[in-house]
Structures are given as structure tokens and as C-alpha cells.
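>>> A structural model of the following input is requested.
(one chain, ligands or ions: 2)
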Amino acid sequence: MKPITITNTRVIDVRFPTSREHIGSDAVNKDPDYSAAYCILETDAGIEGHGLTFTLGRGTELCVSALRYLTQFVQGRTLESLTSNLNAMYLELTGDTQFRWLGPEKGVIHLACGALVNAVWDLYAKAEGKPVWRLLADMTPEQIVSAIDFRYIADALSPEEALAILRKGKEGQQQRLAEIIAGGYPAYTTSAGWFGFSDEKIRRLCREGIADGWTHFKLKVGGVPEDDLRRGRIVREEIGWQNRMMVDANQKWGVEEAISRTRQLAELQPWWMEEPTSPDDILGHARIRREAAPTRIATGEHCHNSVMFKQLFQAGSIDVCQIDSCRVAGVNENLAIILMAAKFGIPVCPHAGGVGLCEYVQHLSIFDFLSVSGTMENRVIEYVDHLHEHFRYPVKIRRGHYLVPTDPGYSCEMLPESLNKFSFPEGEVWKEQELETSLAQK
Ligand SMILES: C[C@H](O)[C@@H](O)[C@@H](O)[C@H](O)C(=O)O
Ligand SMILES: [Mg+2]
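Ligands and ions are numbered 1, 2, ... in the order given. Next comes the predicted model:
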């Protein structure tokens, strides 16, 4: 077969004005405009690799700039030269001797790296004619392990241990595949519980969620204590006690306040408390977990690399591991985190929503089920009911479950008309906004 060469790369700043309706709002991020630094890898083979990293509006230009810089590492390369040694690709992208000073492996440059690594996986899967979950599930344990950078995590998970987990994961894979194709992967909804929503709206959306078959609901907390409790009681009134409710404070509190507030919220019997404090506070999370027990503690959407996850596991800081498809450097690093979670016996319940995150993470959870943990028990993928219409292969949800995607690739390809309309600042939507603002000022 003729090698596939990446002939051109394009990077786009794309932003959706979600803050206008408080969609995505929480106690800390009050006005998110769901956005992405988006890249397209054009090839000479009639297929393209698409990848994005999720941002909240302002600052996306920084990610775009970092992503533009990183694309030089793939420009002109054959796909084979990247996929024949996936860890080498990861090391090259994260190891630029000057650029890495801005991280290393964290922040803007790591977000950008996530977009690019994911674009390569999208292209790889399309070239193989498989969805990413299938590409991963069909790989040998040795191939998966060879995609992982073990430098900083081998003290917690050695390549040999990872191999043993993956070899075991091959047992019964066909049966699990049939199970997941028939029933899908369980999900939870955050769409009813955004911070900026009124009590009436929360009530109505919970009711609608129940009618649509949802059994797990997440509520944003971190406001005035009485407000959190009142809103939580509304959710309980609507969903009952047989369904599950989670609460998310989005890093609002210091450790001691997090302990007392988590204890107060215990009357709602949350299935987990998410991001109670700074995402970097590994020992703080461990203390909250101990002192606010039995409420389970979840974090990960802001956990910036596999080393942080390693320490969260080692310190016994979390009950739920919330991987994010592009906060860390894409598929490669998430493979490491999923395998570490399996070793430490912590369920992976991915962070999703935003723009494109649901499309992405479904592949990782399906892989986790098929090849690593082998179970869907106590595991749910987040779902947020927004912006899917902009994707060529949007997620499919049935009665609170993700249906297994079948199209080749990583499901994150946005439609060209959406990219045009929402590109920032020149897209139609932002031009209109500019006009409205200038008229209002006159
Ligand atoms: C600003 C974003 O919408 C966050 O609130 C969101 O990612 C959230 O933490 C979540 O868990 O979905
Ligand atoms: Mg969250």
C-alpha cells in the first residue's frame, strides 16, 4: 500500500457562545464559551486527521499558537513514521528542548499536544478503517504498551504489569464486545444541573431526564450552602433515591471547607463529590476523602498528566478517576492512566461534555471495558446534551447509554460549515456579536 503522507496542516480557533444561556456554568467557570483549538491533518490519500483540545473561550488563541508550533513535527511525515513508534511520537511532541520549558507536560502546550496526538490517532484509525476503540482493542498487549511513556510512572505500573493486565483483558473480549454492542455503555447527564440554571429549570430538566431514561444526574454545587442544599433537594425530589446523583464543586473550596461542605451535602447521598478543591492538591484530596467519608471523591478533568494521576492513586486520594481526552496528551497518555487505574482498582468515569469530549471519550471507555478493566460496574461516561450537531459522527445515546460508534476514526470531526460559522473572530456568529456590541455602545 502507498504510504500516507501528511501534506498540510491547518489550525482553527473555534468558539461557541454557550455562556449566553449559562450552559456549562459552574461555581468557578461562570461564563464558559465552549471552544476548541482544532487541527486538521491533510494527506495525499483523500483522508484527514482531525483533533481538538477543549477550552472555555478567552485563551484559545494561546492553544492555537502552541498547536501551530507543534504541527511542524508531523508536517510532511508519513503516517507510518508516526504510528510505527507511537511513544517516540509522544516523546518528540512533549520533548522539544525549548518549548517544554513552558510545561513540561502541563498547561497550554500539553492541551495543544492532546489535540495533535488525537488527530494522529483519528487519521490512523481512518486509514485502518476502524473506530479508535476497535483499533485499540485489536492491538496486541505489546503494541499498546509500546505506545506508553513509562519514564515517570514505572514505579507505580511497570510495562510488565501493564502487559499482564492487557493479556488478561484479551480473555472474554468477544463476549464483552457483543454485550456492549447490544446494550451500550452507561452514562450520566450533567445537562440538568448547571450552576446558572434556575430551580424551575433544574426541576424541569430532571423530569425530562427521567422520562428519557437517565438514571444518573450531576448537579453543580459550590454556591451558598443553603442554595446547594435546596437545589440538591429539588434534584432528589425529581429523581428519587433509587437513581444516582453526583455533585461537582469545580475546585471551589480549600481543603477544610471542602470537608465541611461535603459533610453537609451528605444528606443528598451523592454518589461522588467531584473536584472539591484544587486539582493539584493530591494530599488535600486524600484528607477530604478520609474525613468526608463515606462520600466518594472524584477528580481528573484538570489533572494535567499521568504523573499527577499516579500520585492521586498512590496517595489514596480518589474513588473515581475522571480521565479527560485532551487535558493530557491524547490517547497515548490516557492508555497509561486507564492501566494505572486498573492496577489500583479505581473505576474510570471520564469527564466529557464541553465540545467534542463525549465524541472522544466513548472510545476510551469502550477500550477500558473490552481490554483493561473488563467491567462496566460502577462506571459511567459523562454526557452533556450540547453541540453534537456540529460533528460529522456525533455520539448516539439511547436511554442513558452511549451506543458503540462504528464510523472509522475518533468521532471528533467537525462539519466544515460549523468550523466556518463559529471560527473566532471572523466567523459569522462572532461578527454578529461584534456588531451588536458596537451598536449597544452607541
Ligand atoms: C466549565 C465546564 O462546563 C465544567 O463545568 C465541566 O467540564 C464540568 O466540570 C463537568 O464535570 O462536566
Ligand atoms: Mg466537573
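
>>> could you report the neighbour count for the closest residue to residue 138 other than its chain neighbours?
Among residues not flanking residue 138 along the chain, residue 130 sits closest, at 7.1 Å (CB to CB, 6 or more residues apart in numbering). The C-beta positions use only the backbone N, C-alpha and C, and glycine is treated the same way. Neighbour count for residue 130, taken as other CB atoms under 10 Å: 18.

>>> tell me how far residue 130 lies from residue 408.
Distance of residue 130 to residue 408, given as CB to CB, to the nearest Å: 6 Å.

>>> again, but for residue 377
Computed as CB to CB, the residue 377 to residue 408 distance reads 30 Å.

>>> so these two - more neighbours on which side?
Shown here are residue 377 and residue 408; by other CB under 10 Å, residue 408 has more neighbours (20 against 8).

>>> tell me the contacts of the more buried one?
Going by CB atoms under 8 Å, 6 or more residues apart in numbering, residue 408 touches 125, 126, 128, 129, 130, 131.

>>> any idea how many residues pack against the closest residue to ligand 2 within the stretch 1-150 of the chain?
Per CB to the ion, residue 26 is where the stretch 1-150 of the chain lies closest to ligand 2, at 7.0 Å. As a burial measure, residue 26 scores 24 neighbours (other CB under 10 Å).

>>> next, the buried residues of the helix or strand of the chain with the lowest mean pLDDT.
One helix or strand of the chain scores below all others by mean pLDDT, DSSP states H and E: helix 428-441, with a mean of 86. Judged by neighbour count using 16 or more other CB atoms under 10 Å, the buried positions of helix 428-441 are 429, 430.

>>> kindly report the same for stretch 107-124.
Neighbour counts over stretch 107-124 (16+ other CB under 10 Å) mark 108-124 as buried.

>>> now intersect these with the helices, please.
108-124 (DSSP state H).

>>> what residues does the protein have near ligand 1?
24, 26, 29, 32, 56, 190, 248, 250, 301, 351, 353-354, 382 (CB under 6 Å from any ligand atom).

>>> quick check: the two most widely separated of these?
56 and 382 (16.4 Å; CB to CB).

>>> beta partners for whichever residue of the chain sits closest to ligand 2?
Nearest residue of the chain to ligand 2: residue 248, at 4.4 Å (CB to the ion). Residue 248 forms beta bridges with residue 220, residue 274, as assigned by DSSP bridges.

>>> which residues touch it?
26, 190, 218, 219, 220, 221, 222, 273, 274, 275 are the contacts of residue 248 under CB under 8 Å, 6+ apart.

>>> highest neighbour count among those?
residue 221 (31 neighbours).

>>> can you tell me which residues contact that one?
Each residue near residue 221 by CB under 8 Å, 6+ apart is listed here: 27, 228, 231, 232, 247, 248, 249, 252, 261, 265.

>>> who's in contact with the nearest residue to the first one once chain neighbours are set aside?
So that's residue 27. Nearest non-adjacent residue to residue 27, counting by CB to CB, 6+ apart: residue 222, 2.8 Å away. Residues in contact with residue 222, defined by CB under 8 Å, 6+ apart, are 26, 27, 28, 195, 228, 248, 249, 250, 252, 253, 261.

>>> can you rerun that using 6 Å?
By CB atoms under 6 Å, 6 or more residues apart in numbering, the contact list for residue 222 reads 27, 249, 252.

>>> now do the second one, the pLDDT please.
Read it as residue 249. If you check residue 249, the pLDDT there is 98.

>>> how many other residues sit next to it?
For residue 249, using other CB under 10 Å, the count is 24.

>>> give me the phi and psi for it.
When read as degrees, to the nearest 10, the backbone of residue 249 gives phi -100, psi -10.

>>> any idea how far residue 379 is from it?
With distances taken as CB to CB, residue 249 is found 22 Å from residue 379.

>>> ok, the first one next?
Going from residue 27 to residue 379 by CB to CB gives 26 Å.

>>> tell me where the stretch 251-400 of the chain has helices.
Secondary structure of the stretch 251-400 of the chain (DSSP state H, counting those that start in this stretch): helices at 255-265, 282-291, 306-314, 330-344, 357-367.

>>> show me where the stretch 51-200 of the chain has strands.
With strands called from DSSP state E, counting those that start in this stretch, the stretch 51-200 of the chain shows them at 185-189.

>>> burial count for the closest residue to residue 161 other than its chain neighbours?
Spatial nearest neighbour of residue 161, excluding adjacent residues (CB to CB, 6+ apart): residue 343 at 6.2 Å. For residue 343, the neighbour count with other CB under 10 Å is 16.

>>> and the spatially most central residue of the chain, what does it touch?
Centroid-nearest residue in the chain: residue 324, 2.9 Å away (criterion: CA atoms, centre = their mean). Contacts for residue 324 (CB under 6 Å, 6+ apart) come out as 301, 351.

>>> model confidence at it, what's the number?
Looking at residue 324, the pLDDT reads 98.

>>> please apply the same query to residue 2.
85.

>>> any idea how far residue 40 is from it?
Residue 2 sits 21 Å away from residue 40, taking CB to CB as the criterion.

>>> would you mind finding the most buried of the helices of the stretch 251-400 of the chain?
Ranked by mean neighbour count, those are led by helix 357-367 with a mean of 28 (mean count of other CB atoms under 10 Å).

>>> does any bit of that helix sit next to ligand 2?
No: counting by CB under 5 Å from the ion, ligand 2 has no neighbours in helix 357-367; the shortest distance is 10.9 Å.

>>> just how off-centre is that helix within its chain?
How far helix 357-367 lies from its chain's middle: 8 Å, per CA atoms, centre = their mean, to the nearest Å.

>>> what of stretch 230-242?
Averaging C-alpha positions (CA atoms, centre = their mean) puts stretch 230-242 27 Å from its chain's average.

>>> pull out the buried positions in that stretch.
Using 16+ other CB under 10 Å as the test for burial, stretch 230-242 gives 231, 232, 234, 235, 236, 238, 239.

>>> which residue sits closest to the fifth one, ignoring its sequence neighbours?
Excluding the flanking residues, the one nearest residue 236 by CB to CB, 6+ apart is residue 268, at 6.1 Å.

>>> could you check the pLDDT of the one you found?
Residue 268 is assigned 98 on the pLDDT scale.

>>> pretty sure it contacts residue 232?
Yes: between residue 268 and residue 232 there is a contact under CB atoms under 6 Å: 4.2 Å.
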